[in-house]
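# Can you look at this prediction? I've put the sequence above it.
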Amino acid sequence: MLRPLDADAPYDIGPYRLLAGLGSGGMGTVHLAVPPGGGPEGLVALKTVRRDLEHAGDFRLRFRREAEAARAVRGPYVSALVDADPEAERPWLATQYIAGPSLEEAVGRHGPLPVPVVRDLGAAIARGLAAVHGARLVHRDLKPANVVLGATGPRLIDFGIAQAYDMTALTATGVMVGSPGFMSPEHVAGDRSVTGASDVFCLGAVLCFAATGHGPFEDTELAAIVHRIAQGRPELSRVPEELRQTVADCLHRDPARRPTTAELIRALDTSSRPQRPGVPPASAPGAFPWPDGVRELIGTYETAVVTALEAPPMPRTAPADAARASRHGQSEGDGNGAADGQPGQRAGRSRTGRPAWARGRRLGLAVGVGAGLLAGVLTAALLLLPDDDPEPGTPGNAAPAPDRSAGSTAPSATPPARTAPVAVSGMADFGPDSLDRTLQPDNWRPWATSFDGPGAADDCALSGDVLVCRLRDEATRQTRLEARDASDGSRLWRYPAEGVPTGLLGVGGLDVDDRHAYVTAADGDGFDVLNLSDGKPVARLPGRTGYTPSVARVHEGRIFVSYTGVGGAGGAANMLFRAYDADDRAQVWERVIAWAFPPSLDVVGDRVWLTGSQETLTLDPATGKTLAEAPWNCDRRIRSAPYDVCGGGIVDARTLRKVGDTRAPSPEAVSRDGLLFVEGKGLREGSRYIQAIDARSGDERWTAPWKRGDSVVVAGDRLLTFGVNGVRAFALDDGAPEATLGNIRDWPRKGSAFDGVKAQPTTVLVSGGACFLTFDDGTVMTAPAS
């Protein structure tokens with residue numbers, strides 16, 4: 001299915017404007033694109049190749065020759081090459097876009113195809129291969145993911161690793177090119193001739209998958225798959241009898257004993273007339289006889305394409321904010337903690353409009369954004385009164401920063417008996433210790449400053465006296481980490497180093513423990529382990545070719561990481577999950593799970609959580625083995641929450657068992673003792689309200705006034721909400737209001753009032769009796785919470 005463009009995607013490539021993402025894999029990234037003035041008939045799948053391949057010695061030569069050869073491939077069952085530029089800075093090629101799912105997705109969602117449909121499918125693919133072979137090409141990577149099911153029939157796609165017959169010298173001996181489970185013995189051997197007969201072998205494996213939902217060489221280990229292919233031991237017992245012999249003939253070990261494409265067409269399409277030499281196979285008239293479920297799935301793709309075409313074009317660059325630049329320059333020069341001529345606004349504040357990706361955003365979406373501030377009676381004297389600034393002269397008018405040398409922290413003569421637990425944005429309950437002032441960072445006092453350079457924080461984590469945030473600059477589409485001293489707001493480090501660009505997907509998947517930060521590597525290859533004191537990489541958790549690193553989570557001495565496979569999150573293509581020891585970074589286990597969403601990786605109590613388009617799982621963190629599974633997708637928005645609303649009821653997030661049949665919307669927050677805070681239906685006393693529901697009984701415990709979009713968190717024994725009308729605190733046990741504040745120094749506002757959505761924090765952390773907040777104008781600030 002179409003995916004929104006990544007923040008790092010360019011506006012256009014060659015003459016084509018990008019509309020949406022289609023996927024990525026071992027060769028590169030694919031986008032849906034349209035030529036100038038084009039409509040549905042002009043859509044292309046535009047592939048850019050990986051940057052490391054651009055500089056391979058013979059790559060551009062091979063790319064140019066194969067593109068030239070592929071232009072000759074035409075037919076109703078191939079996605080024709082439309083355009084290519086091998087000489088571009090990043091070589092690209094564009095092929096006809098077919099609106100529909102892959103065979104892999106269709107079978108994964110709706111099961112095996114009926115025998116008559118498999119016959120027609122096989123005959124169509126054989127016709128497509130005949131067109132490829134007629135251009136003196138071999139597909140070399142025929143698999144279910146490379147067969148797209150359109151309304152008029154299947155199409156072969158992805159000639160990205162096809163190779164002209166006469167260019168065998170450009171392929172290194174011993175290199176295995178193809179997809180495990182759908183490779184011929186010649187593919188596996190690597191040093192034997194790969195010909196059209198090899199594609200026929202792969203077609204036999206594809207037909208087996210279409211008819212049974214399983215490949216003929218499936219196994220849990222790659223080595224076992226390769227061995228079975230080399231030995232010619234396919235598993236065909238589940239293939240319907242009407243198709244079994246044809247499939248077996250395709251899978252013969254000896255290429256000379258396999259049928260030709262013409263013989264396959266005659267065997268599979270009993271209504272077809274013998275083809276005369278030199279006459280291309282005819283296409284079947286009218287719509288293809290797909291089952292109802294597949295036709296409906298094709299319809300969803302067609303609808304998505306119309307939506308993408310009707311959407312307004314993405315701006316080439318984010319609009320410059322001249323006001324922001326002037327304010328930034330003024331505030332750096334005056335050094336008195338005021339900007340824009342208004343008292344109480346501190347030096348270094350930079351302002352931008354809310355970025356497009358954040359407009360209309362609600363709590364907890366994707367990056368786990370939250371907001372809130374505990375406002376007790378004792379807080380008022382410290383937070384109100386905008387003219388009671390502390391002495392200026394340090395970042396954010398804070399106390400002078402203690403001396404910190406790279407890679408070290410100031411020694412403590414008497415280390416505290418307890419330390420504040422790690423706090424991360426996306427959490428809804430910051431725990432019973434979140435209001436304990438004895439757990440504050442050393443020498444902490446309220447402070448406010450700005451992050452260096454443009455960008456808004458969309459994910460933050462706090463460990464001890466280090467606050468680490470991930471910032472996204474919409475203008476340059478770059479993401480970075482920036483660390484601040486939690487005591488005074490002074491800058492500690494950034495990752496990657498200034499001037500070093502990030503990869504296509506930027507840095508993300510942030511998590512921390514008491515020593516390190518864990519994040520996707522800036523170069524896009526695996527995950528980097530950073531020293532929390534100075535931000536320097538101390539280790540690399542490796543990636544794998546064809547996989548994109550997604551999320552890192554650390555819990556009780558183990559690091560859990562996820563990688564997105566070729567088909568994109570939620571696809572049938574393999575999704576990779578690994579666990580490492582946090583001390584020596586030795587790999588503990590690895591699993592490949594189809595249909596999973598790698599960004600959903602979470603730790604709930606003593607289990608690892610994963611959800612996907614087909615099911616939800618919890619795993620044993622020590623072994624990776626499945627402990628519980630449920631046949632539904634859970635749109636999990638709150639990190640580490642012990643309960644969630646999934647599968648039509650409230651479930652225990654560890655066991656995936658329903659604790660009741662109460663139907664409720666997705667929660668805005670969940671407390672660790674089992675309260676779900678959800679939006680109430682309709683109005684009460686003329687106002688929208690938040691409803692506290694007991695997870696086990698489903699009973700309403702209490703309600704509190706609330707505005708849609710207000711953020712909700714739990715801290716200690718209080719529920720905290722933040723919205724355009726101010727900050728509110730409610731007792732957790734009965735919902736009794738405790739305080740409401742409408743004027744807080746250093747908070748983005750217009751005059752004396754909060755400035756709408758610009759006043760809503762993009763992240764919030766509560767720890768040690770203090771709140772740590774970020775805003776989309778670059779503000780980062782703290783305030784007392786008790």
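Done, it's in. Numbers count the residues shown, from 1 in each chain.
# do you know how far Gly100 is from Thr152?
Distance of Gly100 to Thr152, given as C-beta to C-beta, to the nearest Å: 10 Å. The C-beta positions use only the backbone N, C-alpha and C, and glycine is treated the same way.
# Among the two, which residue is more densely surrounded?
Neighbour count, other C-beta atoms under 10 Å: between Gly100 and Thr152, Gly100 has more, with 27 against 18.
# which ones are touching that one?
148-151, 297-298, 301-302 (C-beta atoms under 8 Å, 6 or more residues apart in numbering).
# neighbours of Met676, just the number please.
Let me fix one detail, which is that residue 676 is Leu and not Met. Neighbour count for Leu676, taken as other C-beta under 10 Å: 27.
# wait, Val645
Val645 has 22 nearby residues by other C-beta under 10 Å.
# Check the spacing between it and Tyr689 real quick.
In terms of C-beta to C-beta, Val645 sits 18 Å off from Tyr689.
# just to revisit the earlier point, just the closest of the contacts of Gly100 to Ala248, please.
Leu149 (24.7 Å; C-beta to C-beta).
# so that closest one makes contact with Val107?
No - counting by C-beta atoms under 8 Å, Leu149 sits too far from Val107 to count as a contact (9.7 Å).
# So the two - more neighbours on which side?
Leu149 (26 against 22).
# ok, and the closest non-adjacent residue to that one?
Gly100 (4.6 Å; C-beta to C-beta, 6 or more residues apart in numbering).
# Give me the below-cutoff pLDDT ranges for the stretch 301-450 of the chain.
Applying pLDDT under 70 to the stretch 301-450 of the chain flags residues 312-417.
# redo that, cut-off 50
By pLDDT under 50, the low-scoring segments of the stretch 301-450 of the chain are 317-416.
# Check the chain too.
Counting by pLDDT under 50, the chain contains low-confidence residues at 160-162, 164-177, 191, 273-281, 283-285, 317-416.
# Point to the residue nearest the middle of it.
Pro599 (4.9 Å; C-alpha atoms, centre = their mean).
# Tell me the secondary structure of it, please.
Pro599 falls in the helix class when you classify it by DSSP: H, G, I helix; E, B strand; the rest coil.
# how far away is it from Glu556?
Pro599 is 22 Å from Glu556, where distance means C-beta to C-beta.
# And for Ala483?
24 Å.
# between those two, who's got more neighbours?
Neighbour count, other C-beta under 10 Å: between Ala483 and Glu556, Ala483 has more, with 22 against 9.
# I'd assumed Leu467 was in contact with the more buried one.
Yes - using C-beta under 8 Å, Ala483 is in contact with Leu467, at 6.7 Å.
# Can you classify Thr618 as helix, strand or coil?
Here Thr618 is strand, with the state taken from three-state DSSP.
# That one bridge partners, please.
Per DSSP bridges, residues listed as beta-bridge partners of Thr618: Trp609, Ala628.
# quick one, what contacts it?
Contacts of Thr618 by C-beta under 8 Å, 6+ apart are 604, 607-610, 626-629, 653-656.
# Is there a quick ChimeraX command that grabs whichever of the residues you listed are buried?
Buried residues among those (16 or more other C-beta atoms under 10 Å), as a ChimeraX selection:
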select :604,607,608,609,610,627,628,653,654,656
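# Now do the SS call for Arg62.
helix.
# Now the closest residue to Tyr495 other than its chain neighbours: which helix or strand?
Residue nearest to Tyr495 in three dimensions, not counting chain neighbours: Leu481, with 4.3 Å by C-beta to C-beta, 6+ apart. Leu481 belongs to strand 478-485 when assigned by DSSP states H and E.
# isn't Arg253 right up against Arg233?
No - with contact defined as C-beta under 8 Å, Arg253 does not count as touching Arg233 (9.5 Å).
# Which of these two has more residues huddled nearby?
Arg253 (16 against 12).
# Skipping its backbone neighbours, what lies nearest the more buried one in space?
Gly232 (3.7 Å).
# Stretch 603-612 spans what distance, first to last residue?
16 Å (C-alpha to C-alpha, to the nearest Å).
# Doesn't Val561 belong to a helix?
No - looking at Val561 with three-state DSSP, it is strand, so not inside a helix.
# what's the burial count for it?
As a burial measure, Val561 scores 27 neighbours (other C-beta under 10 Å).
# Okay, and the beta partners of it?
With DSSP bridges as the criterion, Val561 is bridged to Ala552, Arg578.
# Ala461 too?
Bridge pairing for Ala461 (DSSP bridges) gives the partners Val424, Val468.
# quick one: it from Val712, how far?
Distance from Ala461 to Val712, by C-beta to C-beta: 20 Å.
# and which of the contacts of Gly100 is nearest Arg238?
Leu149 (21.4 Å).
# Return the list of helices and strands in contact with the host helix or strand of the closest one.
Assigned by DSSP H and E, Leu149 belongs to strand 147-150. The contact analysis (3 or more C-beta pairs under 8 Å, 6 or more residues apart in numbering; DSSP states H and E) places strand 147-150 against helix 103-110, strand 153-156, helix 292-310.
# Off-centre distance for that strand?
25 Å (C-alpha atoms, centre = their mean, to the nearest Å).
# Ok, stretch 145-159 next?
25 Å.
# where do the helices sit along the stretch 351-500 of the chain?
Applying DSSP state H, counting those that start in this stretch to the stretch 351-500 of the chain gives helices spanning 380-383.
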